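Asker: sequence first, predicted model second:
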Amino acid sequence: MKYKNILTIFLLVSLFLSFSMLQVNVLGSDETSALSGESPQEKIPKRITGKDGTPMVLIPAGEFQMGGDMDEANEKPVHTVYLDAFYMDIYEVSNAQYQKFLAATATGRDPRGYWTQRRPGYDRPNQPAIGVTWQRAVDYCQWAGKRLPTEAEWEKAARGGLEGKKYSWGDEPADETMANFGKYITGYSTPVGSYPPNGYGLHDMAGNVPEWCYDWYRPDYYQNSPQRNPKGPDSGFHGERVVRGGTWQSIPMWIRCAARSGATPKPKRRDLPYSSGFRCAKSFSD
Ligand SMILES: [Ca+2]
């Protein structure tokens, strides 16, 4: 009888330990992710916080289909691209964050800006910074221990893990519940994160403010771009850098994941209200 009791206790303890280990595994899979294809044993965090205090999410390593097969020649051909794992800012950089950068760096101010002056419609702290030159965006990212995303990284992130879909949420038509777009006359940018996230948890990859990428812009780049970790051509068409995602003014066509455009890195003052904001990326290996 005594022997039976000991055996029962032993079995109960074993069951409890097995259950606990199962729970640890399940919890662990929510917080970390295997670096697919490279080192299945290695666990890396799915979310991190950048030096500027903003959350970033892991975009896993792997292939995706880049480009579009609509009428736009600069999106063709659709081609397979492999990217190493990287982190992407969940939100566009806000006025408040950009202000912190200006205050913390030698520059201290940016006379071109829409963040230090009262500009009704654009100047709230949680609205995205706009009118940022490409170089200032690069400087901000560096200050925050990050970098601008490449065009390929931006598009993979925008697709949110979906393949061959038109928008960051899928093929459903764009409407006012999904993104800030189509408000050409009366609209403004909205506070970052006002619309639902995509499959990777990223907000405003469609519309709100357009976003600088690292690459020079060339309409024909996809004809001969590298298959692994492309970083853009050596020079830009009319000296332009890539801008992605469309704006609060865009028609649906221009907030598609594949839609490409370029802009002069240092916009003219009169174009500032319509020029770019940005978000940062970070290599997993950094
Ligand atoms: Ca955007």
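Answerer: Now that the structure is in, tell me what you want to look at. Numbers count the residues shown, from 1 in each chain.
Asker: make it CA atoms for all contacts and neighbour counts henceforth
Answerer: Noted.
Asker: would you mind listing what in the stretch 151-286 of the chain touches the ion?
Answerer: For the stretch 151-286 of the chain, the residues in contact with the ion (C-alpha under 5 Å from the ion) are 204-205, 207-210.
Asker: so what's the most centrally placed residue in the chain up against?
Answerer: The centroid of the chain falls nearest to residue 88 when counting by C-alpha atoms, centre = their mean (4.6 Å). Contacts were defined as C-alpha atoms under 8 Å, 6 or more residues apart in numbering; by that measure residue 88 touches 56-59, 149, 157, 279-282.
Asker: in the sheet, who's paired with it?
Answerer: Beta bridges link residue 88 to residue 57, residue 281, judged by DSSP bridges.
Asker: do you know the pLDDT at it?
Answerer: Residue 88 carries a pLDDT value of 98.
Asker: what does the one 5 residues further on give?
Answerer: What the model reports for residue 93 is a pLDDT of 97.
Asker: where along the stretch 101-250 of the chain do the helices fall?
Answerer: Under the criterion DSSP state H, counting those that start in this stretch, the stretch 101-250 of the chain contains helices at 134-143, 151-159.
Asker: so for residue 77, which of those sits nearest?
Answerer: helix 151-159 (13.8 Å; C-alpha to C-alpha).
Asker: just how off-centre is that closest one within its chain?
Answerer: Mean-position distance between helix 151-159 and its chain equals 7 Å (C-alpha atoms, centre = their mean, to the nearest Å).
Asker: for stretch 236-255, same thing?
Answerer: 15 Å.
Asker: now that stretch: buried residues?
Answerer: Within stretch 236-255, the residues scored as buried using 16 or more other C-alpha atoms under 10 Å are 236-237, 240-252, 254-255.
Asker: ranges for the strands of the stretch 1-150 of the chain?
Answerer: 32-35, 39-45, 47-49, 55-59, 62-66, 79-83, 86-89 (DSSP state E, counting those that start in this stretch).
Asker: if I look at residue 242, how far off is residue 265?
Answerer: According to C-alpha to C-alpha, to the nearest Å, residue 242 and residue 265 sit 9 Å apart.
Asker: ok, the residue of the stretch 1-150 of the chain found nearest the ion - contacts?
Answerer: The minimum distance from the stretch 1-150 of the chain to the ion, using C-alpha to the ion, falls at residue 92 (6.5 Å). Residue 92 makes contact with 128-129, 192, 203-204, 209, 211, 277-279 under the criterion C-alpha under 8 Å, 6+ apart.
Asker: this completes my enquiry, with thanks.
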